[in-house]
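Colleague: Curious how this folds, go ahead:
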Amino acid sequence: KQKSWRSLIILTTRWLSRLSGLIKAKLWLPEFDHELPVCCTSNATLITANGSDVSFTYNDSLLGLYGVPSVSGNSLIFAPTNFSASSTVSSPYDFINSSVVVTINSLSSPINKVSLLELGNYTKIGGSAEVAATGTLIMTDLTNTLTSVSNIIPTAASFVTTAFPNPVGNWDAKANGDLLNSFSVLASINNILGTQKLQASDYALINKLSVSLTATVSAVPLPQAVWLFGIGLMGLLSLSKRKHLL
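Modeller: Numbers count the residues shown, from 1 in each chain. Reported below is the predicted structural model:
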């Protein structure tokens, strides 16, 4: 029995060794002799763009209807090309929404305010036609762990009835929030556009064309040494002028 067990172990070891050699030589299951696809990969990338005093970080795969932004000064500017709602004969009501999240980090001074400005155009023809632009700006102060919500409110002059020969009007909406010495802010922009019309002959359309997210940083106070140097320099100039006059 011991010899039988010993022989079986030897045979098994030899078989496993041969099997290992076949796998290494790619002779085992040749129909799978190719690189296997990588599972669950993601093409998402975190993009960071620097402004004058702050940086903006966002996920380029989660931009929704906003499109790829650009940076100017301390503003991150989106220029949507397909962010619109319209009411037709077959669909008298239309609502569309999209959101984007941006992390704002200070490069120098604390951030004391974040503001949002949205611009667009619209057409509202007929007594039953209506358009709307609304949403929220949610700011999470990552430095002080505080969250605030501001409504995106169109200005009073927006959405008056349009008519030919000028059927297109312009609208703008704003939101902002104050911060206290924050060096990192998570800003979530949530937008909704809507239209409605109750009469078949009426027409309603609204487009969002620009979204600007702007950070305002605190002014950096001059150190006390600089003030003393300035005062001393003025004193020396005054004394030099007095000696010159004498």
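Colleague: what comes into contact with stretch 196-210?
Modeller: 65, 77-80, 83-87, 89, 92-94, 117-133, 171, 191, 193-195 (C-beta atoms under 8 Å, 6 or more residues apart in numbering). The C-beta positions use only the backbone N, C-alpha and C, and glycine is treated the same way.
Colleague: Make sure S52 is actually in contact with G73.
Modeller: Yes: taking contacts as C-beta atoms under 8 Å, S52 lies within contact range of G73: 5.1 Å.
Colleague: For the spatially most central residue of the chain, pull up the helix or strand it's in.
Modeller: For the chain, the residue nearest the mean C-alpha position is V102 (3.6 Å; C-alpha atoms, centre = their mean). Assigned by DSSP states H and E, V102 belongs to strand 93-106.
Colleague: and the helix or strand following that strand, which strands flank it?
Modeller: Next helix or strand after strand 93-106 toward the C-terminus (DSSP H and E): strand 111-125. Using DSSP bridges, the strands paired with strand 111-125 are strand 169-182 (antiparallel), strand 203-217 (antiparallel).
Colleague: pLDDT averaged over strand 111-125 - what is it?
Modeller: In this model, strand 111-125 carries a mean pLDDT of 96.
Colleague: Just after it, pick out the following helix or strand.
Modeller: Following strand 111-125 in sequence, per DSSP H and E, is strand 130-141.
Colleague: Could you look over the strands paired with strand 111-125 and pick the most buried one?
Modeller: strand 203-217 (a mean of 21; mean count of other C-beta atoms under 10 Å).
Colleague: wait, doesn't F56 sit right on S72?
Modeller: No: here F56 does not reach S72: they are 11.1 Å apart, not a contact under C-beta under 8 Å.
Colleague: So between these two, which is more surrounded?
Modeller: Shown here are F56 and S72; by other C-beta atoms under 10 Å, F56 has more neighbours (21 against 12).
Colleague: partners of that one in the sheet?
Modeller: Under the criterion used (DSSP bridges), F56 bridges to A49, I104.
Colleague: residues in contact with it?
Modeller: Residues in contact with F56 (C-beta under 8 Å, 6+ apart) are T48, A49, N50, P69, V71, L76, V102, T103, I104, L213.
Colleague: Just the buried ones among these, please.
Modeller: Buried by 16 or more other C-beta atoms under 10 Å: P69, L76, V102, T103, I104, L213, out of the contacts of F56.
Colleague: closest to S150 among those?
Modeller: L213 (12.1 Å; C-beta to C-beta).
Colleague: so who does that closest one touch?
Modeller: L213 touches F56, S75, L76, I77, F78, V102, I104, V114, S115, L116, A187, I189, counting by C-beta under 8 Å, 6+ apart.
Colleague: export those residues to JSON lines and tack on distance to N166?
Modeller: Shown next, in JSON lines, are the contacts of L213 (distance: C-beta to C-beta, whole Å):
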{"residue": "F56", "distance to N166": "36"}
{"residue": "S75", "distance to N166": "30"}
{"residue": "L76", "distance to N166": "32"}
{"residue": "I77", "distance to N166": "27"}
{"residue": "F78", "distance to N166": "27"}
{"residue": "V102", "distance to N166": "35"}
{"residue": "I104", "distance to N166": "38"}
{"residue": "V114", "distance to N166": "35"}
{"residue": "S115", "distance to N166": "30"}
{"residue": "L116", "distance to N166": "28"}
{"residue": "A187", "distance to N166": "35"}
{"residue": "I189", "distance to N166": "30"}
